[in-house]
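In: just coords:
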């Protein structure tokens, strides 16, 4: 079963738009740019209930949901949990995950989105993330601790890159399982290498 995606962090909107381009097209202009109101939420729900006119997946983009009216968040609940997979996809974004309604968060897969400036890029962290992803896929678990250790001091960047890699195919059972295992770790801006390895190898 597909899940509603919730991007959060300083690069959330850019990451959400990037995901839109990767999987389909917007069926309407984004909702909630100035704080989601009840009427806007109802319009977004109607978009999720209708089959897109164009080929491909129709995406409904909503955010920043951390600035949404409480009643507007309530309007979204059923639709972001029960939508037609492969036809429409709700994507939410927020600047601050802590400001998002707990009921919204419980129905989404949240994805940390770092700032997109040059100061937030690091080839070694991205390279390690791809290496770890390959190790997980090939079941070469013994190589993971060394790859994580090389990113000491860059754990946030490593987690951001790794979660983005895994989130590209959340319908894959393994990708989804690994994402769910590291999901709690991504809630903190600083996570130790030991915590990251423990999360990745939780049931290996």
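Out: Yes, it's here. Bear in mind the structure is a predicted one, so any value in this text is a computation, not a measurement.
In: what is the burial count for residue 24?
Out: Residue 24 has 20 neighbours, counted by other Cβ atoms under 10 Å. Heads up, the C-betas are built off the backbone N, CA and C, glycines and all.
In: make that residue 83, sorry
Out: Each residue near residue 83 was counted by other Cβ under 10 Å, and the total is 19.
In: what's the spacing between it and residue 153?
Out: 40 Å (Cβ to Cβ, to the nearest Å).
In: I'd like the average pLDDT over stretch 176-192.
Out: What stretch 176-192 shows for mean pLDDT is 69.
In: what is the end-to-end distance of that stretch?
Out: Distance between the two ends of stretch 176-192: 22 Å, counting by Cα to Cα, to the nearest Å.
In: with stretch 81-100 instead?
Out: 16 Å.
In: buried residues in it, which are they?
Out: 81, 83, 88, 89, 90, 91, 92, 93, 94, 95, 97, 100 (16 or more other Cβ atoms under 10 Å).
In: give the pairing partners of the one helix or strand the fifth one maps to; include direction for each.
Out: Read that as residue 90. Residue 90 is part of strand 88-94 when elements are defined by DSSP states H and E. Sheet pairing of strand 88-94 (DSSP bridges) gives strand 4-8 (parallel), strand 57-62 (parallel).
In: of all the ones you listed, which lies closest to residue 175?
Out: Minimum separation from residue 175 across the strands paired with strand 88-94 (Cβ to Cβ) falls at strand 4-8, 13.2 Å.
In: ok, and for the helix ranked longest in the chain, which residues are buried?
Out: The longest helix of the chain (DSSP state H) is helix 123-138. For helix 123-138, the neighbour count (16+ other Cβ under 10 Å) marks 125, 126, 128, 129, 131, 132, 133, 135, 136 as buried.
In: mind checking pLDDT for the first one?
Out: At residue 125 the predicted local distance difference test score is 78.
In: residue 96 versus the closest residue to it other than its chain neighbours, what's the distance?
Out: Distance criterion Cβ to Cβ, 6 or more residues apart in numbering; nearest residue to residue 125, sequence neighbours excluded, is residue 157 at 3.9 Å. In this view, residue 157 and residue 96 are 20 Å apart by Cβ to Cβ.
In: equivalent analysis for residue 58, please.
Out: In this structure, residue 58 and residue 96 are 28 Å apart, going by Cβ to Cβ.
In: need the per-residue pLDDT for the residue sitting nearest the centre point of the chain.
Out: The centroid of the chain falls nearest to residue 111 when counting by Cα atoms, centre = their mean (2.7 Å). On pLDDT, residue 111 comes in at 90.
In: this completes my enquiry, with thanks.
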